[in-house]
Every structure is written in C-alpha cells, then in structure tokens.
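S.K.: build me a structure from this.
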Amino acid sequence: YFVALSLQSELAKPSELCKFGELFEQREQFERALTCYEWALRQDQQLAEAQFRIGELQNRQEQYELAVTSYHRAIALQPEAKVYHALGDALKKLCRWQGASEAYEQAIKLNPKFSWSYNNLGDALMQLQQWQEAAAAYQKAIELNPEFHWSYYNLGEALTQLKQWDEAITVYQQALENQPDSSDVAHKLSNAIHQRAKTDSKNSLSYYRQAIQYAPDNPALFHGLIELEPQNPDWYIGLAQALARQNHIEQASMFYQMAVQLQPELAKTAPTFQKFLVNRQPLRSRQDPQELIHLSKFQIVAEIIEQSGLFDSDYYLKRYRQEVLQEMSPLQHYIEIGAQKGYHPNPFFNGSYYLEQNPDVARAGFNPLAHYLYCGAAEGRDPHPLFKTTFYLARHPDIATSEINPLAHYLLYGLAEGRVALSVD
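M.R.: Numbering: from 1, shown residues only. Just a heads-up that it's a prediction; the model follows:
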C-alpha cells in the first residue's frame with residue numbers, strides 16, 4: 001500500500017496519512033513515517049496534526065532544533081496544550097530553560113489538568129533558580145497526580161533550596177512512602193534532617209537519630225552526633241561502620257580506635273575491619289649499609305613481605321587492577337613497579353607516605369614495606385599517618401619488649417584487644 005501511495009498519495013486522505021505515519025513510527029520505520037506526514041501536508045498545508053507529528057518524530061530522533069521549529073509551525077496553525085508541552089520538552093533538551101518554562105505555562109493555560117506540565121515547569125524553574133515558583137508548580141503536580149513520587153522528590157529539592165527544612169522533610173517522607181526502595185530519596189531526607197538539626201540545637205540529637213534510620217551509611221550524620229556528644233563511643237563506632245561499608249578502611253580504623261579509647265570493652269564486640277595472618281618478625285635496629293643492599297633484591301624482598309603477611313593481594317588487585325598485568329602476580333607487580341610509585345600493599349601501609357617521610361629510603365630505591373619490616377619499625381618510622389610506631393610501642397611496653405613488628409601485632413592482635421595506635425588528641 002505504501003508503494004501505491006508513493007505513486008499517488010491522494011489515494012488516502014490527509015488524516016489517514018497521519019495514521020499511517022504513526023503506524024510506521026511504532027514499527028520504527030521513521031523515513032516512511034516522515035514521508036506520510038509530508039504527503040499529508042502536501043494535500044493540506046493547514047493540517048497542524050501532521051506538523052506536530054513531524055516534530056514528535058524529530059524529537060524521537062533527538063533532532064531537537066528541528067523539532068522546535070516543527071512545534072512552532074504546528075502552534076501557528078492550531079495552538080494545543082500537547083504541542084506546547086512537547087515544545088517545552090524539546091527546549092528542555094536544549095537547556096533553553098526560559099523558553100521551556102514559557103511553553104509549559106502555555107500548555108497549562110490550555111489544559112490545567114495535566115500534571116506533567118506542572119512537574120516539567122517546576123524542572124525548568126529550578127534551573128532558573130526560581131525556587132518558590134518551582135515549589136508551587138510541583139505542589140500542583142502532586143495535587144493532580146499524588147502517586148508520582150518524583151514530584152515529591154523535586155518539591156523536596158525546591159524546599160531545600162528555600163531552606164524550609166520541616167516542609168522538605170515531610171515531602172521526602174511522602175516520596176519514600178511512594179517509593180520505599182529509593183536510596184536517593186532516603187539520602188536526601190537524611191540530609192534535610194541533618195540541616196534541620198543544625199538549626200535546632202535543643203532537638204538536634206533526636207533529629208540525627210531519626211536521620212540515621214533513613215541513611216545509616218551517611219558519615220555526615222555521625223560527625224554531627226560526635227559534635228554533640230564527643231564522649232559517646234557509639235557514634236564513633238557508627239561512623240567507622242559507615243566508612244567501612246564505603247570501603248574507606250583507613251578512616252574507619254581511626255574512628256574505631258577512638259571508640260575503643262573511650263570504651264575499651266568495645267574491642268571484644270565491635271567489628272574488626274581488617275585482619276591479616278602474620279608471622280612474628282624480629283625487630284632490627286639500623287643495619288650496616290652493605291646489609292641493606294639486600295633490600296634491592298627481588299627474592300629477598302619477596303620473602304620478607306610474604307613472611308610478614310602484610311601484603312593483601314585482594315586489596316592490591318582491587319585498587320590497582322588496571323595496572324597489574326595478567327602475567328604478573330599482585331606481589332610481583334608491587335615489588336617491581338608499585339612500591340616505587342608509593343602504592344599501598346594493604347590499607348594500613350601508606351607507601352607514598354612512607355617514601356615522603358623517609359627520603360633516604362626513596363633515594364636508595366628500597367621497597368618501603370620491606371624496609372619497614374626489616375628495620376624501619378625499630379627506627380621508629382611510621383607506616384601510615386594513622387599508625388604511630390613510637391606511640392604504639394610506648395603505649396604498650398609489652399610489645400616493645402617482644403620481637404613482633406608493631407604494625408603486624410596491631411593487625412593480628414592489637415585491634416581486637418582494643419589497643420590504640422593513634423591518640424585522639
């Protein structure tokens with residue numbers, strides 16, 4: 001039939017040609033659809049529907065500038081709410097927010113019962129930073145369609161910009177009722193409660209507790225609680241757990257240590273964030289320079305590191321996966337390449353920090369972890385800004401008199417025993 005129409009398009013009426021065009025669109029035969037619309041306009045240049053369908057087809061193909069032109073032509077022929085709304089959508093895609101807002105306002109005048117025009121008007125007004133007007137548009141969208149949770153979310157954003165925290169909290173809670181699994185809405189809600197707590201010191205503690213129910217992995221909430229109750233170890237533990245779940249192991253360890261300092265018995269029940277199976281390594285004082293030359297030999301370095309258990313292959317591979325060659329093991333890559341770049345062999349040994357703090361090690365080209373194990377610990381050098389070797393040994397003299405490496409002891413025993421390696425001060 002299309003072939004017949006191509007020979008004589010007058011076989012079908014303009015309205016019928018538009019219907020054929022829509023059928024071709026549904027089958028994603030866009031060229032044939034466009035041809036049908038053009039045939040319809042050839043017969044009736046005043047057919048606004050054909051011009052509108054061309055705009056819809058162009059919009060669907062992401063030809064937004066062409067779509068805007070087609071929508072304007074359709075409006076000139078016959079102003080309709082659906083055409084103004086579509087024009088607003090195309091202008092939104094082009095980030096022409098003022099034009100989009102004006103198009104949606106015209107759509108609302110012609111059809112004040114269509115919730116999407118209000119919602120999209122709110123989006124355009126948000127981009128124009130007209131927060132109050134955007135909030136009003138979203139409220140009207142919710143009134144017309146109370147089931148659409150994104151209108152609640154968007155209204156919450158507008159109210160947040162207006163710093164109307166109580167109203168924002170209520171709206172975000174309504175959004176969660178409509179979409180209980182939305183982690184983004186829960187996070188926004190917790191942030192609104194967090195801001196509300198800042199403005200009401202009398203009730204801020206209860207606000208923070210409420211916020212944590214919605215976003216237990218939000219570190220900012222626990223920081224706020226620590227500001228209010230700096231001696232409450234529960235908030236340090238909660239913060240450590242939140243950081244650990246986000247794979248910020250180093251920071252988690254620091255706050256875990258602080259919690260244990262405040263309440264030592266927590267060490268028996270609080271989670272351990274990282275454990276290593278380590279063998280005892282004798283502490284050595286500074287060695288003869290000729291003896292340190294051995295730290296440049298691969299086999300000796302590999303043996304020292306392997307015996308310590310302080311190389312975490314899984315951690316290293318996850319952190320530097322793109323650089324570790326398939327034919328190399330993580331340990332081989334660390335010894336031959338990663339060490340000199342300051343890469344971390346585990347979350348508690350900061351290679352770049354060790355080399356920066358010990359330029360003699362960097363100049364000599366020694367492997368930082370092997371150096372620390374071989375003699376650095378005995379010389380009081382620190383493997384990480386959050387682990388102070390001399391502090392740990394001074395705080396725990398039984399470790400100082402043993403032959404175990406202090407970092408190895410901390411990871412195997414000290415952390416679980418509630419021993420601390422960093423002063424809260």
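S.K.: now the helices for the stretch 51-200 of the chain?
M.R.: Ranges of helices in the stretch 51-200 of the chain, per DSSP state H, counting those that start in this stretch, are 64-77, 81-93, 97-110, 115-127, 131-144, 149-161, 165-178, 183-199.
S.K.: give the buried residues for the fifth one.
M.R.: Of the residues in helix 131-144, those scored as buried under the neighbour-count criterion (16 or more other CB atoms under 10 Å) are 131, 133-142, 144. Where you see a C-beta, it was placed from the backbone N, CA and C, and this is true even at glycine.
S.K.: can you check the first one too?
M.R.: The neighbour-count check on helix 64-77 (16+ other CB under 10 Å) flags 64, 66-71, 73-75, 77 as buried.
S.K.: how far does the helix or strand encompassing residue 36 sit from the chain's center?
M.R.: Here residue 36, judged by DSSP states H and E, is contained in helix 30-43. Averaged C-alpha coordinates place helix 30-43 at 46 Å from its chain's average position (CA atoms, centre = their mean, to the nearest Å).
S.K.: how many neighbouring residues does residue 53 have?
M.R.: Using other CB atoms under 10 Å, residue 53 has 25 neighbouring residues.
S.K.: touching, it and residue 18? I think so.
M.R.: Yes: between residue 53 and residue 18 there is a contact under CB atoms under 8 Å: 5.9 Å.
S.K.: re earlier: residue 328: which of the helices of the stretch 51-200 of the chain is closest?
M.R.: helix 183-199 (37.9 Å; CB to CB).
S.K.: ok, residue 144 to residue 178 distance?
M.R.: As defined by CB to CB, to the nearest Å, residue 144 lies at a distance of 15 Å from residue 178.
S.K.: ugh, typo on my part, it should be residue 220
M.R.: Going from residue 220 to residue 178 by CB to CB gives 25 Å.
S.K.: repeat that for residue 217.
M.R.: Remark: distance between residue 217 and residue 178 (CB to CB) = 22 Å.
S.K.: shared neighbours of residue 53 and residue 18, anything?
M.R.: Common neighbours of residue 53 and residue 18 (criterion: CB atoms under 8 Å, 6 or more residues apart in numbering): residue 37.
S.K.: give me the below-cutoff pLDDT ranges for the stretch 151-300 of the chain.
M.R.: For the stretch 151-300 of the chain, the stretches with pLDDT under 70 are 201, 247, 249-250, 267-296.
S.K.: for the closest residue to residue 349 other than its chain neighbours, what are phi and psi?
M.R.: Distance criterion CB to CB, 6 or more residues apart in numbering; nearest residue to residue 349, sequence neighbours excluded, is residue 383 at 4.6 Å. Residue 383 adopts backbone torsions of phi -80, psi -10, taken as degrees, to the nearest 10.
S.K.: list the contacts of residue 383.
M.R.: Going by CB under 8 Å, 6+ apart, residue 383 touches 348-350, 353-354, 369, 372, 376-377, 389, 407.
S.K.: repeat that for 10 Å
M.R.: Neighbouring residues of residue 383 by CB atoms under 10 Å, 6 or more residues apart in numbering: 310, 344-346, 348-351, 353-354, 357, 368-369, 372-373, 376-377, 389, 405-407, 410, 421.
S.K.: and these, which are buried?
M.R.: Buried members of the contacts of residue 383, scored by 16+ other CB under 10 Å, are 310, 344-346, 348-351, 353-354, 357, 368-369, 372-373, 376-377, 389, 405-407, 410, 421.
S.K.: from the residues you listed, which land in strands?
M.R.: The members of the buried ones among the contacts of residue 383 all map outside strands under DSSP state E.
S.K.: next step: those restricted to helices.
M.R.: Using DSSP state H, the subset of the buried ones among the contacts of residue 383 located in helices is 351, 353-354, 357, 368-369, 389, 406-407.
S.K.: can I get those in JSON lines including pLDDT and distance to residue 100?
M.R.: Written out in JSON lines, the entries for those read as follows (pLDDT from 0 to 100; distance: CB to CB, whole Å):
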{"residue": "351", "pLDDT": "93", "distance to residue 100": "51"}
{"residue": "353", "pLDDT": "94", "distance to residue 100": "51"}
{"residue": "354", "pLDDT": "94", "distance to residue 100": "55"}
{"residue": "357", "pLDDT": "94", "distance to residue 100": "56"}
{"residue": "368", "pLDDT": "93", "distance to residue 100": "56"}
{"residue": "369", "pLDDT": "93", "distance to residue 100": "58"}
{"residue": "389", "pLDDT": "90", "distance to residue 100": "61"}
{"residue": "406", "pLDDT": "89", "distance to residue 100": "63"}
{"residue": "407", "pLDDT": "89", "distance to residue 100": "59"}
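S.K.: tell me the two of the buried residues of helix 131-144 that are most distant?
M.R.: For the buried residues of helix 131-144, the farthest-apart pair by CB to CB is 131 and 144; their separation is 20.8 Å.
S.K.: show me what stretch 121-129 is in contact with.
M.R.: Identification of contacts with stretch 121-129 by CB under 10 Å, 6+ apart yields 85, 88, 91-92, 95-105, 107-108, 130-141, 150-151, 154-155, 157-158, 161.
S.K.: for the stretch 201-350 of the chain, what spans make up the helices?
M.R.: If DSSP H, counting those that start in this stretch is used as the criterion, the helices of the stretch 201-350 of the chain fall at 204-214, 219-228, 233-245, 249-262, 289-292, 298-308, 313-319, 330-333.
S.K.: which one of these lies closest to residue 417?
M.R.: Evaluated with CB to CB, the helices of the stretch 201-350 of the chain place helix 249-262 nearest to residue 417, the distance being 9.1 Å.
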